[in-house]
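[1] Based on what follows, work out the 3D shape:
(one chain, ligands or ions: 1)
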Amino acid sequence: MVKLDTIISLAKRRGFVFQSSEIYGGLNGCWDYGPLGVELLLNIKEAWWKAMTYRDDVEGVDASILMHPRTWEASGHVTQFSDPMIDNKTSKARHRADNLIEDFIDKLKKKNKTDKAAQIEARLAECREPVDFYNIIMDFEIPDPVSGTMDWTEVRNFNLMFKTFVGPVEDSSAVVYLRPESAQGIFVNFKNVLDTSRQKVPFGIAQIGKAFRNEINTKNFLFRTREFEQMEMQFFIKPGSEKDWFDYWKEQRWNWYIALGMKPEKLKWKIHDKLAHYANYAVDIEFEFPFGWGEIEGIHSRTNFDLSAHQEFSGKKMEYVDNVNNERYVPYVIETSGGVSRSFMAFLCNAFDEETVTDDNGKSEVRTVMRFSPKLAPVTVAVFPLVNKDGMPEKAHEIYKDLQRNFKTQYDTSGAIGRRYRRQDEIGTPFCVTIDGQTLEDGTVTVRERDSMKQERIPAQNLNVYLFDKMNQ
Ligand code: GAP
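    The predicted model follows:
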């Protein structure tokens, strides 16, 4: 298992991810994507967009981040979107009470104190109110990991939505929220899309966009951040058909990760024991991160909770009229909700590999290789002249410019070929093209494939078609 620090340092060294506003010491829970990171991020989003909307029954939208504040009253976020928070008066450290308890349970398990761990787990499953968390912390004497003391405040609920104001007057009538999920931008546009797209139920609406949560504890690199992107789809269906559509979308979403190279043993389902009051089925896809299993996507059957709530709060009908069967109903919804940045981190961890390779002279070395699917790799192809003379750079540059029209391409002339391969392996470039003496004679080049390291010779003029074929395999 790769260490998280190894991933973070590779991500920084090679320009995938930087700390946000690093020159000022960074901003907790926020990250910036560098030149390679932004390519990987775009490729993930493009793969999702194509899989989810290049089909007959799903349309896309791009709703604004600031929405009418009533949206969040209707969705329940104003009253319910909160985490239980506790402060330690000695260290001033602030914790999510549930996480504090979970971490304590993990420590007990590591010490083989399984009975006590099971007792706390059972109590945690029953927690409803802040005081329930507080009682566990006190009853089991869970200390502050920073100061080691029991000098705790009460547990309070902390709403995770960021507030701001529209217009120049900062009073309560001007309050708006940065959306904590992109899903509500879909629900409020349900009628608009229905009326303009000629879709009929069942159909879906997909969106990729930023979401913001004032998380109490950000942790584990990109896993829990305050600003992140989601890729969400709400599929509107006839009430009663939710089990079939839930199973259908579960399969689609699992297969999407596998088709992009996710190792099946690194993924697992988590079935929710505690369902939200409106949900009738809910599962998560979890990935095995270096720190343990964590959710990367949720698939939820949300009944007609959201549309009905918006109907009530806005006074606008959210019904679907089925003229063929002469029925009208507020559609049920199956939601697929994935995090772009969490998937990004999962794809980084999944791709990381180190292997010992031996060159033609019998010399061994360890190569770091990011085994990204060619569809996701930030750079698709690198072009090298074998030597910097005899017309090879000129020919190589010409080929590079030709490939750059279609693919993210790098050109590298520095160092021995082996070193250039290693640099590309470390960023996961699936194909390297070398221009040598024979290229000048017969117009062929060698293409070296990243994982097998096998080389084949093909005419330079076939390179574009060759790469398109490989990308679509
Ligand atoms: N509309 C449903 C919804 O938002 P969620 O489980 O809260 O459900 C969905 O979020 C996905 O968004 C998660 O599976 C995760 O990938 C991502 N996500 C949620 N909170 C996040 C955070 N603080 N940082 C990064 N990604 C997050």
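
[2] all contacts plus neighbour counts: C-alpha atoms, from now on.
    Will do.

[3] The ligand contacts on the chain?
    Residues of the chain found near the ligand (Cα under 6 Å from any ligand atom) are 181, 183, 213, 223-226, 228, 230, 295-298, 337-339, 342.

[4] Show the buried residues in these.
    The neighbour-count test (16 or more other Cα atoms under 10 Å) marks 181, 183, 213, 223-226, 228, 230, 295-298, 337-339, 342 as buried among the residues of the chain next to the ligand.

[5] Which members of those residues occur in strands, if any?
    Using DSSP state E, 228, 230, 295-298, 337-339 are the members of those that sit in strands.

[6] Now flag whichever of the residues you listed is closest to Gly148.
    Glu295 (29.9 Å; Cα to Cα).

[7] Pull the contacting residues for the closest one.
    284-287 (Cα atoms under 8 Å, 6 or more residues apart in numbering).

[8] In a markdown table, list these along with secondary structure.
    As requested, the contacts of Glu295 are arranged in a markdown table below (DSSP: H, G, I helix; E, B strand; the rest coil):
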| residue | secondary structure |
| --- | --- |
| Asp284 | strand |
| Ile285 | strand |
| Glu286 | strand |
| Phe287 | strand |
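
[9] Including neighbour count and pLDDT, could those go into TSV?
    Below are the contacts of Glu295 laid out as TSV (neighbours: other Cα atoms under 10 Å; pLDDT from 0 to 100):
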residue	neighbour count	pLDDT
Asp284	21	97
Ile285	21	98
Glu286	19	98
Phe287	27	98
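
[10] what about Ser343, distance to Phe212?
    Remark: distance between Ser343 and Phe212 (Cα to Cα, to the nearest Å) = 17 Å.

[11] ugh, typo on my part, it should be Ala206
    18 Å.

[12] which of those two has more neighbours?
    The neighbour count for Ala206 versus Phe212, taken as other Cα atoms under 10 Å, is higher for Ala206 (25 against 20).

[13] The more buried one belongs to a strand, doesn't it?
    Yes. Counting by three-state DSSP, Ala206 falls inside a strand.

[14] Nearest residue to it in space, please, no chain neighbours.
    Leaving aside its sequence neighbours, Ala206 sits nearest to Met233 (Cα to Cα, 6 or more residues apart in numbering; 4.1 Å).

[15] same deal with Leu463?
    Spatial nearest neighbour of Leu463, excluding adjacent residues (Cα to Cα, 6+ apart): Leu403 at 7.7 Å.

[16] And for Thr409?
    Nearest one to Thr409, counting by Cα to Cα, 6+ apart, is Val381 at 5.0 Å.

[17] now do Glu121
    In space, Glu121 is closest to Ile105, 7.3 Å off (Cα to Cα, 6+ apart).

[18] Settle this for me: the one you found is touching Ala122, isn't it.
    No. Assessed by Cα atoms under 8 Å, Ile105 is found out of contact with Ala122, at 11.0 Å.

[19] Settle it for me: which of these two has more neighbours?
    Ile105 (21 against 11).

[20] got the contact list for that one?
    Ile105 sits next to 117, 120-121 when contact means Cα under 8 Å, 6+ apart.

[21] How about Val333?
    Contacts of Val333 (Cα under 8 Å, 6+ apart): 234-237, 242, 301-304.

[22] try 10 Å this time
    Residues counted as contacts of Val333 (Cα atoms under 10 Å, 6 or more residues apart in numbering) are 187, 202-204, 233-239, 241-242, 245-246, 279, 300-307.

[23] for Met161, same thing?
    Counting by Cα under 10 Å, 6+ apart, Met161 has contacts 72, 77-78, 81-82, 176-181, 211-215, 226.

[24] sec struct for it, please.
    Three-state call for Met161 (three-state DSSP): coil.

[25] how far away is Asn472 from the ligand?
    26 Å (Cα to the nearest ligand atom, to the nearest Å).

[26] Then Val381?
    To the ligand, Val381 is 30 Å away according to Cα to the nearest ligand atom.

[27] Likewise for Gly185?
    The value you get for Gly185 to the ligand, if Cα to the nearest ligand atom is used, is 10 Å.

[28] Not counting sequence-adjacent ones, nearest residue to that residue?
    Gly185's closest residue in space is Ala63 (Cα to Cα, 6+ apart), at 5.3 Å.

[29] how about the one you found, what does it touch?
    Contact partners of Ala63, counting by Cα under 10 Å, 6+ apart, are 182-186, 188-189, 207-209.

[30] so what are the domain limits for this protein?
    4-74+160-347, 82-156, 379-471 (automatic domain parsing).

[31] quick one: average confidence on the shortest one?
    Over the span of domain 82-156, the pLDDT mean works out to 95.

[32] cool, and stretch 37-57?
    Throughout stretch 37-57, pLDDT has a mean value of 98.

[33] buried ones in it?
    Quick answer for stretch 37-57 (16+ other Cα under 10 Å): 37-41, 43-45, 48-49, 52-53.

[34] same deal with stretch 239-256?
    Going by neighbour count (16+ other Cα under 10 Å), the buried part of stretch 239-256 is 242, 245-246, 249-250, 253-254.
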